[in-house]
Every structure is written in structure tokens, then in C-alpha cells.
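In: need a structure here:
(one chain, ligands or ions: 2)
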Amino acid sequence: MNDKFKLPARYGSGEKSVWVEYIQLAAEYKPAVNLGQGFPDYHAPEHVTKALAEITVGENPLLNQYTRGFGHPRLVQNLAKVYSPLIGRELDPFNEILVTSGAYEALFSAILGHVDKGDEVIVIEPFFDCYDFMIRSAGGVPKFIPLTPKSTGGQITSSDWVLNEKDLSSLFNSRTKMLILNTPHNPLGKVFTAQELETIANLCKKHNVLCLSDEVYEWIVYKPHKHIRIATLPGMWERTITIGSAGKTFSVTGWKTGWAYGPADLMRNLQVVHQNCVYTCCTPIQEAVARSFEFELARYNTPDCYFFSLARELVSKRDYLVKVLKENGFNPTVPDGGYFIIADWTNLENKIDLKSEADKYKDYRFTKKLAKEAGVLTIPPSAFYSEEHKHLGENFARFCFIKKDENLALTEKLLKEWNAKK
Ligand code: PMP
Ligand code: GLN
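Out: Numbers count the residues shown, from 1 in each chain. Ligands and ions are numbered 1, 2, ... in the order given. From the prediction side, this is the model:
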């Protein structure tokens, strides 16, 4: 009986989830500040939430019913309007864009739709943890390559985390089907440069490999860095699927609406997965996201446009948290994009008794202690590494800074008090 109903082996890598564990930890210990899972603790722009409120009770009853399976027409048309000028080609809203249940489902449909048994997929570490599970459940074989920090002697930033080109090129072979890129990067905040993207693109072209580009943090980039879409590099459109998220774009992570865009022949595989598992996504939310894009497109060239104001708002939060972390014994990597900071905590190791936690990896033990003793919840980055490279994440904790200023100030107070007691 037991054996018959055990979890199929292809799902084994997903049994332990850092999100399930740390959200449970938050519920249990009620830390005073939650800088763990990435979501804002304050309101999205008013026009975004108002749009949804109006739609659900508005004149058109059909906006609460099923809509087109591959994406609500008003939303795909707006996505085409947003992205066409950014990628320098006219996107066909009905054949080159798929709306999904969050960026998660876009990743799922792309990986399940393209990766076959035995196909190899190159994954850059640290990586958003579900990539590994999705590749393996498709029967694929992930091949990992870590970004490693250059020693700078001074302040380290996310651009100091780099790939070894030789190691990267040695991973490509005739079995390689796909490379997954994430820029701006979670959890490092790295914004890949034109040169780095060119190296990746050249290898993908040389070995006829698909690039799955997870760009959910595309609007959260700090000056002078610029987000470059790898699909715009010469010869890359035809081999790239790009992923975005309304949750990140409009600070509504609970709306779980995302999308993928790319050439129609590649998108067809995603449509097949989507039409047989989700079929169609939530209509009122898609309509609200469409209206939100229209609102922002109308003020695109003004400083108020949320696509640009969000990063301006976040940069001071980033700088404040970097300062707080430094003053309290951490060594943070300053991110060029996204809303996470990776901070090395090893200078604090002698202040904390890690033996009372049972976890295998030190960062799990440290983050649990910090949550329980200081009341500050963070995420252990070894969750974003393959089994063989988990040690590379063990000296760090990930802090999310898209939080109210008062909660960042509370973080400062809690870390100071905790440090003083030690
Ligand atoms: N990719 C990355 C890199 C992420 O950080 C996240 C988390 N939001 C996702 C994909 C999934 O996004 P969504 O919430 O839209 O499913
Ligand atoms: N992307 C978010 C993060 O990295 C949320 C992840 C999740 O809830 N699974 O924190």
C-alpha cells in the first residue's frame, strides 16, 4: 500500500521547499519583521488595485467569467504594446505571448514544453529554486554553474559575482537543450551586462540551445545599470523565451499573473502544456493588469510612470538596509537590481550558538536563530544551490527590502539590540 502511493521519483527533488518551511516558521515564531519571502508590505499603486475593484462589480458580467485560454485579449494586446518597442520588433499578441498563472507557470510551461527525457539544461547558481524541480520532473538533467564573488578588497556589489567563461562553455554539448538565465537576478541582484549576455548568447547560438530568460525583476534596476533583454541580441529572438510577472511589475505578488513571450513556433509548446493544465487564467485580474499597463503606457515618458518610480523608491531602502547590515557585523553584497540583499554573516558566527538547530546547512541554522533571537526573518541562500554546491550559499542570508521604512527601521533596532546582548 505505502510503496504504491509513494511520491514518484521524478518529483523527489521538490520534497523540501524553503518557502513552505520559512512561511511556517513565520507563522510559528511571529518574528517582528519578515524580510523573508519577496513581497511588499505596503500598497500597490492605487490605479492598479482600484481597477480590480471596479472590474468585479462593473457593468460587464463577462469580466468575471472565463476568457481566452492563451491570454485575455486586452492583456495580450497591452503586453505587445509594452514589449514591442523594447525588443525592437512587432510582437504578435495572439501567437507570440502566453498569459500564465504567475511567472511560475510560465517557467513550468516552458520547461515542460521543451525539455525531453535526457535533455540537459544549464542553470546558473544561485537559482530560483523551482527551476531544478521543473527540469527533473520533465525528465531533464540540470547542469549547474555557480556565479562566484571576485574579491574586491572594498564594498562588494552584485556585479562582482561572475561566471567562469571556460566552465560555462564546457557545459555545452549535443545534449544541451536549454539555458536558464535570470536577470535581474534573485537572490544576488545581479544585472547581467551586455558582454556577459553576449557570451551566453554566442554559446546558445553555437550549440543550438534555447534560452529561457526569467526577467520578472525587469523594472527594478538601479542606476547606472540597465536591464538588457537577451532576446534583443543578434540571432537570439528565434531561440529565446522571455518571462515576466505582474506581481513584480505592479507590486501585487498575490495576483499570480505572469507571461511568456517569444517566437510562435517556440511558444506553441508552452501553449500545449498550458491548455491542458491551467487552460485559462483569472479574467478580472488579467483585465486589471491590462488596464494598469494602459495607465502606465499613457504616462510612460513621465517620472511618475511606475516602471521607473519603483526603482527610485527602492534605492533608498536598499542603501538603508546595506548600512544597517554593515553596522551590525554583516558583509552585504549591494544589489544592482531586484529587491533582495545577500549578506555574509560569518563575522557574527562566534556570537551565535548554531548547535541548537538541527539543519544540515549553516545558513538554515543561522537564519532560524536570527528569526528566533532577533525577530528578523530572512531566507537561507543554500536553498538556491544544487546539492553539490550548497556550501557556496552557507555563509549568507537573504534580506528582502521592499518593506515599509518603519519596518526597515525596526530591523535596525532589533539587530542593534540583538548585537548588544551578545
Ligand atoms: N522567477 C523569479 C526569479 C522569482 O523571484 C519569482 C518569485 N516571484 C518568480 C519567478 C515567480 O513569480 P510569480 O510570483 O509571478 O509566479
Ligand atoms: N520570488 C519570491 C522570493 O524569492 C517568492 C517565492 C515564493 O513564494 N515561492 O522570495
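
In: pLDDT wise, what is the residue of the stretch 301-422 of the chain found nearest ligand 1 at?
Out: Using C-beta to the nearest ligand atom, the single residue of the stretch 301-422 of the chain nearest to ligand 1 is Gly338, 7.8 Å away. Where C-beta positions appear, they are placed from N, C-alpha and C, glycine not excepted. In this model, Gly338 is scored at 98, pLDDT.

In: Stretch 146-163: which residues count as buried?
Out: By neighbour count on 16 or more other C-beta atoms under 10 Å, the buried set for stretch 146-163 is 146-147, 149, 156-161, 163.

In: Out of those residues, list just those in strands.
Out: If you go by DSSP state E, these have 146, 149, 161 in strands.

In: which ones are touching Leu52?
Out: 284-285, 288 (C-beta atoms under 8 Å, 6 or more residues apart in numbering).

In: same check, this time on Leu79
Out: 71, 91, 93, 97, 99, 244, 259, 261, 293.

In: In TSV: those residues, plus secondary structure and distance to ligand 2.
Out: Shown next, in TSV, are the contacts of Leu79 (DSSP: H, G, I helix; E, B strand; the rest coil; distance: C-beta to the nearest ligand atom, whole Å):
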residue	secondary structure	distance to ligand 2
Gly71	coil	22
Leu91	coil	25
Pro93	coil	26
Ile97	strand	22
Val99	strand	19
Gly244	strand	13
Trp259	strand	16
Tyr261	strand	20
Phe293	helix	21
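
In: what about the closest residue to Ile352 other than its chain neighbours, neighbour count?
Out: Spatial nearest neighbour of Ile352, chain neighbours left out: Lys369 (5.3 Å); criterion: C-beta to C-beta, 6 or more residues apart in numbering. Using other C-beta atoms under 10 Å, Lys369 has 19 other residues around it.

In: how about Lys369, what does it touch?
Out: 352-354, 356-357.

In: Identify the residues contacting the closest residue to ligand 1 within the chain.
Out: In the chain, the residue found nearest to ligand 1 is Gly102; the distance is 2.5 Å by C-beta to the nearest ligand atom. Gly102 is in contact with 245, 247, 256-258, counting by C-beta under 8 Å, 6+ apart.

In: and the gap between the closest residue to Thr346 other than its chain neighbours and Asp344?
Out: If the residues on either side of it in the chain are set aside, Thr346 comes closest to Asn395, at 4.9 Å by C-beta to C-beta, 6+ apart. Using C-beta to C-beta, to the nearest Å, one gets 5 Å for the distance from Asn395 to Asp344.

In: Show me where the protein dips below the pLDDT cut-off.
Out: 1 (pLDDT under 70).

In: domain ranges for it?
Out: Domain ranges of the chain: 9-44+305-421, 46-298, per automatic domain parsing.

In: looking at this, Ala397 is in a strand?
Out: Yes. Assessed with DSSP: H, G, I helix; E, B strand; the rest coil, Ala397 lies in a strand.

In: Assess the claim that it and Phe366 are in contact.
Out: Yes. Ala397 is within contact range of Phe366, at 6.3 Å (criterion: C-beta atoms under 8 Å).

In: thinking again about what came up before, so can I have a markdown table of the contacts of Gly102 showing distance to ligand 2 and neighbour count?
Out: Output for the contacts of Gly102, formatted as a markdown table (distance: C-beta to the nearest ligand atom, whole Å; neighbours: other C-beta atoms under 10 Å):
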| residue | distance to ligand 2 | neighbour count |
| --- | --- | --- |
| Ser245 | 9 | 24 |
| Gly247 | 8 | 23 |
| Lys256 | 10 | 18 |
| Thr257 | 14 | 28 |
| Gly258 | 11 | 26 |
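
In: any chance of those in JSON lines, plus distance to Val273 and secondary structure?
Out: Converted to JSON lines, the contacts of Gly102 look like this (distance: C-beta to C-beta, whole Å; DSSP: H, G, I helix; E, B strand; the rest coil):
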{"residue": "Ser245", "distance to Val273": "18", "secondary structure": "strand"}
{"residue": "Gly247", "distance to Val273": "20", "secondary structure": "helix"}
{"residue": "Lys256", "distance to Val273": "17", "secondary structure": "coil"}
{"residue": "Thr257", "distance to Val273": "17", "secondary structure": "coil"}
{"residue": "Gly258", "distance to Val273": "14", "secondary structure": "strand"}
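
In: State the distance from Ser17 to Phe295.
Out: Applying C-beta to C-beta, the value for Ser17 to Phe295 is 35 Å.

In: which residues does Tyr42 contact?
Out: By C-beta under 8 Å, 6+ apart, the neighbours of Tyr42 are 403-404.

In: quick one, phi/psi of it?
Out: phi -140, psi 170 (degrees, to the nearest 10).

In: Distance check, it against ligand 2.
Out: Between Tyr42 and ligand 2 the distance is 16 Å, computed by C-beta to the nearest ligand atom, to the nearest Å.

In: Thanks again, I'm all set now.
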